[in-house]
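S.K.: Next input, structure requested:
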Amino acid sequence: MGLYKKFVNQTRKPEGVLGKLMVNGMNGGHAKLADWGMSYLPKLTPDDIVDLGCGGGRNAGELARRYPNAHVIGIDYSQVSVDKATTHNKKWIDEGRMIIKQGDVSCLRLPAGKIELATAFETVYFWPGLEKCFSEVYKVLKPGGTFLIVNESDGTDETSLKFQKIIDGMHCYTAYEIDAALKSAGFSDVQVNHHEDKPWISVVAKKGARV
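M.R.: Numbering: from 1, shown residues only. Predicted coordinates for the structure are as follows:
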C-alpha cells in the first residue's frame, strides 16, 4: 500500500503517526461543514449530548459552547482520536461538562433513554451497518430526542466515490439510504437538507415521543 493510500485510510480509524497527522487536520478541515450542518438543528435546550465518532473533538467542544447547560460525551473507537479530543477539550473536561471515551457505535454502552441530542459528523461512512448502529442511537435517545448526521458526501459526488474505492470499509451513503435506515431503526420526521452548491447533507431525525 502506497503512503498516500495509507494516509487516507487513517480517516477510518486513526492510528500511529499517520493517524495523529490525520486527526490534527480534522478539526479545522471539517469546521465549516459541521457548523453548516448544525444550523439545521431545531431550537433545543439539551441536558445530555453525545457526539459519535468525535474525531479530534472540535465539534464536541462547539456543542458544549452552543449549549452551555449541557453535558457532552464524545465517543470514538480510535484511541488517537480520544487522546486528541481530550486535549482539545481540556477546559470543558476540567469544568465537569464533558467526557471523552473510547467506544463502538454498534454497541453503545450508555444508559437507555437519557440523551436529548446525538450527533455524527463525517463518520457514518464507516459504521458497521447503518440500521444496527442507528438502532443503538435510537435506544440511548430520550423520546423526542434529536439525531443529527452531517456528511460531506451525498453518496453521488465523484470525489467521495473515488475515496470510497481506496479507503477500506468506506461507504458513501445517499440521502435516500440514510433516510431508509433511520426509519427502519424507528426514527420519525426525518429531514434531509442539501447544501446549495456542495454535495453536503445535514440530516435531522427525531425519536418519536411517547403517546
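S.K.: what about the residue nearest to the spatial centre of the chain, is that helix, strand or coil?
M.R.: Averaging the C-alpha coordinates of the chain gives a centre point, and the residue nearest to it by Cα atoms, centre = their mean is residue 120 (1.6 Å). Judged by DSSP: H, G, I helix; E, B strand; the rest coil, the three-state class of residue 120 is strand.
S.K.: Tell me who's in contact with it.
M.R.: Residues in contact with residue 120 (Cβ atoms under 8 Å, 6 or more residues apart in numbering) are 51, 52, 53, 105, 137, 147, 148, 149, 150. To be clear about C-beta, it is placed using only N, CA and C from the backbone, and glycine gets the same treatment.
S.K.: hang on, isn't the fourth one packed against residue 53?
M.R.: Yes - A contact is recorded between residue 105 and residue 53 when judged using Cβ atoms under 8 Å, the distance being 6.8 Å.
S.K.: any common contacting residues for these two?
M.R.: Shared contacts of residue 105 and residue 53 (Cβ under 8 Å, 6+ apart): 75, 77, 120, 123, 127.
S.K.: Got phi/psi on the first one?
M.R.: As for residue 75, its main-chain torsions (degrees, to the nearest 10) stand at phi -130, psi 130.
S.K.: and it, what are its bridge partners?
M.R.: Using DSSP bridges, the bridge partners assigned to residue 75 are residue 52, residue 101.
S.K.: and it, what does it touch?
M.R.: 50, 51, 52, 53, 54, 100, 101, 102, 103, 105, 108.
S.K.: Could you identify the buried members of those residues?
M.R.: For the contacts of residue 75, a burial check counting by 16 or more other Cβ atoms under 10 Å picks out 50, 51, 52, 53, 54, 100, 103, 105, 108.
S.K.: Next secondary structure after the helix or strand hosting the first one?
M.R.: If I follow you right, that is residue 50. Per DSSP states H and E: residue 50 is located in strand 48-52. Next in sequence after strand 48-52, counting helices and strands by DSSP H and E, comes helix 58-66.
S.K.: Output that next one as PDB, nothing but the C-alphas.
M.R.: Coordinates of each C-alpha in helix 58-66 appear next as PDB, following Å, rounded to 0.1, in the frame of the first residue of the first chain:
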ATOM      1  CA  ARG A  58     -13.700  20.200  17.700                       C
ATOM      2  CA  ASN A  59     -17.400  19.500  17.300                       C
ATOM      3  CA  ALA A  60     -17.900  18.200  20.800                       C
ATOM      4  CA  GLY A  61     -16.400  21.500  22.000                       C
ATOM      5  CA  GLU A  62     -18.600  23.500  19.800                       C
ATOM      6  CA  LEU A  63     -21.700  21.700  21.100                       C
ATOM      7  CA  ALA A  64     -20.600  22.500  24.700                       C
ATOM      8  CA  ARG A  65     -20.200  26.100  23.700                       C
ATOM      9  CA  ARG A  66     -23.600  26.300  22.000                       C
END
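S.K.: Can you name every helix or strand that it contacts?
M.R.: Helices and strands touching helix 58-66, by 3 or more Cβ pairs under 8 Å, 6 or more residues apart in numbering; DSSP states H and E, are helix 16-29, helix 31-38, strand 48-52, strand 71-76, helix 79-88, helix 90-94, strand 98-102, strand 115-121.
S.K.: where does residue 159 land on pLDDT?
M.R.: pLDDT for residue 159: 89.
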